[in-house]
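A.B. asks: curious how this folds, go ahead:
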Amino acid sequence: MSEKKIALNRIREVLEEQGRTQTWLAKKLDLAFGTVNAWCNNRGQPYLTDLIRTAEVLEVAPADLIVDGTKKEKGPTESRTFLENFA
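C.D. replies: This is a model prediction of the structure:
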């Protein structure tokens, strides 16, 4: 039997929305391409510290990189507005 793969992060989607590549992100984070590729394909998940660094590089809220199973739509969360108030 094949198991259904559950997406836990939206890193790939955010990169696509911004017109950026996995290679670009790997260089910005000083990580191996394979690490970022695993995140983007949900074969692996970033540590919380890496998720926060990724959000900073992509200029989004960390919550915007996490799939919320309770939301019907994917996309930016209200946390972006919350974080912008502190910028």
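A.B. asks: can you pull out the low-pLDDT segments for the protein?
C.D. replies: Along the chain, the parts satisfying pLDDT under 70 run over 1-4, 69-87.
A.B. asks: tell me, what residue is most central in it?
C.D. replies: residue 11 (2.8 Å; C-alpha atoms, centre = their mean).
A.B. asks: in the biggest helix by length in the chain, what counts as buried?
C.D. replies: Scanning the chain for the helix with the most residues, using DSSP state H, yields helix 48-58. Neighbour-count burial for helix 48-58 flags 51, 53, 54, 55, 58 (criterion: 16 or more other C-beta atoms under 10 Å). C-beta here means a position set from N, CA and C on the backbone, and glycine is covered the same way.
A.B. asks: chain center to that helix, what's the gap?
C.D. replies: Mean C-alpha position of helix 48-58 versus that of the full chain (C-alpha atoms, centre = their mean, to the nearest Å) differs by 8 Å.
A.B. asks: packing partners of that helix?
C.D. replies: In terms of contacts (3 or more C-beta pairs under 8 Å, 6 or more residues apart in numbering; DSSP states H and E), helix 48-58 is packed against helix 11-18, helix 22-29.
A.B. asks: circling back: so the residue nearest to the centre of the chain touches residue 54, yeah?
C.D. replies: Yes. Contact criterion C-beta atoms under 8 Å: residue 11 and residue 54 qualify, at 6.4 Å.
A.B. asks: what do the two both touch?
C.D. replies: Counting by C-beta atoms under 8 Å, 6 or more residues apart in numbering, the shared contacts of residue 11 and residue 54 are 25, 39, 46, 65.
A.B. asks: any chance of CSV for the helices and strands packed on helix 48-58, columns distance to residue 35?
C.D. replies: Output for the helices and strands packed on helix 48-58, formatted as CSV (distance: least, C-beta to C-beta, whole Å):
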stretch, distance to residue 35
helix 11-18, 11
helix 22-29, 7
